[in-house]
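Novice: no sequence on hand, only this structure:
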């Protein structure tokens, strides 16, 4: 289980770093909203620190849907004009793909006026109203700077915002000097200290790690299916090679997160319908080092080592370090070959999908040339159909919830318009 590989605090830091890969300003906005909400709940005085920390994680993810539905470089535009698409997608994303299924409705309604939510029968309705105010405070504070005043929020008390929460904001601002800390960035210290109280179960950590994999689908749907397929091909190949449980788990988590660095690569580059230029290739190759920096000190060194070698090759002709056989082992070989096979099977804007015959030829030639580790490649060849059939079956099951999200988006959106 994930508990052996990552602490609760490191898990939250990894969530933030993943958001930051996709868009730094949006990630910083979510961190500030998380901080403001925490201080308001502290001021209220009835919450345990671990409860506040839980809501901070929700606040950190409250705009996750925007990475899918909007141009996050224009946050003020989509927040002001039509926030419903990202609210709906974010709600479904957290409901189906995270441990926050009960709290996810807060994201659905975080742009809905208090006049429409005040009578809602919802366990987290008060916290929803706090989230609304916390987000508006950050957006308006950044827009108006020193001219911002809490009176701007109070103007909408009873209509857009809960009057009780507006008063709570005043108390929190006075008690914690929130605006000064937002301006000089010292709020980060308080934010960090509060997150030390996050307590995640084994199951929650596992779900969050999978959620980070699904984040690749916020930019590219095909990336999700490829990663899931790679995970299960690794699983089946690891079984055939009789890996220990520890080794299988390390390959599993490495496969799960090996392409997280691709979130930092512009999608328009990945979708060009032609071969990449050398400059473009070099930019794409940076995703491995980005992944390493993102996972550094959060997951075990062995998992990062395996993940970082997914584009290396045993003959030394891979990247980013040009490692040779002596610098790698069977776990790296499993991920390399699994990722290469899955990638080859999928069509790309610049090439068609490879046939089974072409993939088998590549593996055979790779054994002869030393490109691939011989035992791993030969095992794959001997059990190719069995491995691929079982991996596809399990990958299809893993994609069910993601596909359900996509199907339900239009239905939920239409019901709220």
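Specialist: Received the coordinates, thanks. In this text the structure is predicted, and so the values were computed from the model without any measurement.

Novice: could I get the average pLDDT for the host helix or strand of residue 95?
Specialist: Per DSSP states H and E, residue 95 falls inside helix 84-97. For helix 84-97, mean pLDDT rounds to 95.

Novice: need the helices for the stretch 101-250 of the chain, in chain order.
Specialist: Listed in chain order, the helices of the stretch 101-250 of the chain (DSSP state H, counting those that start in this stretch) span 105-108, 114-117, 125-144, 151-154, 163-176, 178-184, 187-195, 202-214, 221-240, 245-257.

Novice: how about those helices in JSON lines, adding mean neighbour count?
Specialist: Heads up, the C-betas are built off the backbone N, CA and C, glycines and all. JSON lines is the format used below for the helices of the stretch 101-250 of the chain (neighbours: other Cβ atoms under 10 Å):
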{"stretch": "helix 105-108", "mean neighbour count": "24"}
{"stretch": "helix 114-117", "mean neighbour count": "16"}
{"stretch": "helix 125-144", "mean neighbour count": "21"}
{"stretch": "helix 151-154", "mean neighbour count": "15"}
{"stretch": "helix 163-176", "mean neighbour count": "17"}
{"stretch": "helix 178-184", "mean neighbour count": "16"}
{"stretch": "helix 187-195", "mean neighbour count": "17"}
{"stretch": "helix 202-214", "mean neighbour count": "19"}
{"stretch": "helix 221-240", "mean neighbour count": "22"}
{"stretch": "helix 245-257", "mean neighbour count": "21"}
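
Novice: so which of those helices comes closest to residue 59?
Specialist: Distance to residue 59, taken as Cβ to Cβ, is lowest for helix 125-144 among those, at 6.1 Å.

Novice: what angle do the closest one and helix 163-176 make?
Specialist: Computed by axes from the mean of the first three to the mean of the last three Cα atoms, to 10 degrees, the angle separating helix 125-144 from helix 163-176 equals 60 degrees.

Novice: check contacts around the residue nearest to residue 89 when sequence neighbours are not counted.
Specialist: Distance criterion Cβ to Cβ, 6 or more residues apart in numbering; nearest residue to residue 89, sequence neighbours excluded, is residue 65 at 3.5 Å. Contact analysis of residue 65 by Cβ atoms under 8 Å, 6 or more residues apart in numbering lists 85-93, 107.

Novice: so what's residue 258 up against?
Specialist: Contact partners of residue 258, counting by Cβ under 8 Å, 6+ apart, are 227, 230, 291, 307, 310, 335, 339.

Novice: next step: those restricted to helices.
Specialist: If you go by DSSP state H, those have 227, 230, 291, 307, 335, 339 in helices.

Novice: ok, the second one - contacts?
Specialist: Contact analysis of residue 230 by Cβ under 8 Å, 6+ apart lists 255, 258, 335, 338-339, 342.

Novice: residue 274: which of the helices of the stretch 101-250 of the chain is closest?
Specialist: Here helix 221-240 is closest among the helices of the stretch 101-250 of the chain (Cβ to Cβ), at 17.7 Å.

Novice: hmm, back to that, pull the most distant pair out of the ones in helices among the contacts of residue 258.
Specialist: Top of the distance list for those (Cβ to Cβ): 230 and 291, 13.9 Å.

Novice: extract the residue ranges of the stretch 1-150 of the chain that are flagged as low pLDDT.
Specialist: Across the stretch 1-150 of the chain, the ranges flagged by pLDDT under 70 are 1-3, 74-80.

Novice: let's see that with 80 instead.
Specialist: 1-4, 70-81 (pLDDT under 80).

Novice: can you list the domains in the protein?
Specialist: Here the domain parsing of the chain from automatic domain parsing is 2-201, 219-404.

Novice: so which of those domains comes closest to residue 410?
Specialist: Of all the domains of the chain, domain 2-201 sits nearest to residue 410, with 9.1 Å by Cβ to Cβ.

Novice: off-centre distance for that closest one?
Specialist: Taking Cα atoms, centre = their mean, to the nearest Å, the mean C-alpha location of domain 2-201 is offset from the chain mean by 17 Å.

Novice: same thing with stretch 381-395?
Specialist: Between the centre of stretch 381-395 and the centre of its chain there are 27 Å (Cα atoms, centre = their mean).

Novice: repeat for stretch 230-246
Specialist: That offset, for stretch 230-246, works out to 24 Å (Cα atoms, centre = their mean).

Novice: name the SS class of the residue lying farthest from the centre of the chain, please.
Specialist: Farthest-out residue of the chain from its mean C-alpha position, per Cα atoms, centre = their mean: residue 368, at 38.8 Å. Taking DSSP: H, G, I helix; E, B strand; the rest coil as the rule, one finds residue 368 in the helix state.

Novice: number of nearby residues for the residue lying closest to residue 356 once chain neighbours are set aside?
Specialist: Nearest residue to residue 356, sequence neighbours excluded (Cβ to Cβ, 6+ apart): residue 384, at 7.6 Å. Residue 384: 15 surrounding residues under other Cβ atoms under 10 Å.

Novice: residue 417 too?
Specialist: Using other Cβ under 10 Å, residue 417 has 6 other residues around it.

Novice: just residue 55 next, same as before
Specialist: Neighbours of residue 55 (other Cβ under 10 Å): 22.

Novice: same question for residue 15.
Specialist: For residue 15, the count of nearby residues is 22 (other Cβ under 10 Å).

Novice: which helix or strand lies directly C-terminal to the host helix or strand of it?
Specialist: Here residue 15 sits within helix 8-22, counting by DSSP H and E. Moving toward the C-terminus from helix 8-22, the next helix or strand (DSSP H and E) is helix 24-44.

Novice: so what does that following helix touch, helix or strand wise?
Specialist: Packed against helix 24-44 by the contact rule (3 or more Cβ pairs under 8 Å, 6 or more residues apart in numbering; DSSP states H and E) you find helix 8-22, helix 49-60, helix 75-81, helix 125-144, helix 163-176, helix 178-184, helix 187-195.

Novice: the stretch of helix or strand residue 414 belongs to: which residues count as buried?
Specialist: Using DSSP H and E, residue 414 sits in helix 400-416. For helix 400-416, burial by neighbour count (16 or more other Cβ atoms under 10 Å) applies to 402, 405, 409, 412-413.

Novice: check which helices and strands it sits against.
Specialist: In terms of contacts (3+ Cβ pairs under 8 Å, 6+ apart), helix 400-416 is packed against helix 84-97.
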